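In: got a sequence here, can you build the structure:
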Amino acid sequence: MTRSVSRPMRPSPKAETGIVGSITAIGTLLLLLPVLPFIAVIWAIDRVRGGDRVRRAMDRFDAGPSAESPGAER
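Out: Here you go, the predicted structure:
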């Protein structure tokens, strides 16, 4: 049994929370908008230089130690 003075309230969506969240998201987007060109340039340079580092690293990992890597003869 609950010891409460008032009746339990049913959960309901709070309009204020949704509005505050939307305003926060829009504000964050507006703050990050000036940085977007720099991110795009860095991404483009990475793609031109062969940007799939994760795949290359996994290929090296799967190949195991080779004569090319320092310390492989230990």
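In: low-scoring stretches of the chain, by residue?
Out: By pLDDT under 70, the low-scoring segments of the chain are 1-2, 51, 64-74.
In: would you map the strands across it?
Out: Counting by DSSP state E, the chain forms no strands at all.
In: just the helices in it please.
Out: 15-32, 36-48, 53-63 (DSSP state H).
In: could you dump these to CSV with mean neighbour count and distance to residue 6?
Out: C-betas here are computed from N, CA, C, even on glycine. Listed next are the helices of the chain as CSV, based on neighbours: other CB atoms under 10 Å; distance: least, CB to CB, whole Å:
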stretch, mean neighbour count, distance to residue 6
helix 15-32, 10, 21
helix 36-48, 10, 49
helix 53-63, 10, 55
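In: residue 9: which of those is closest?
Out: Set against residue 9 and scored by CB to CB, these come closest in helix 15-32, at 15.5 Å.
In: and the closest one with helix 36-48, angle?
Out: Taking axes from the mean of the first three to the mean of the last three CA atoms, to 10 degrees, one finds helix 15-32 and helix 36-48 inclined to each other by 60 degrees.
In: that older thread, would you turn the helices of the chain into CSV with distance to residue 4?
Out: What follows is the helices of the chain, written out as CSV (distance: least, CB to CB, whole Å):
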stretch, distance to residue 4
helix 15-32, 24
helix 36-48, 51
helix 53-63, 54
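In: of all the ones you listed, which one is nearest residue 3?
Out: Checking the helices of the chain against residue 3 by CB to CB gives helix 15-32 as the closest, at 28.6 Å.
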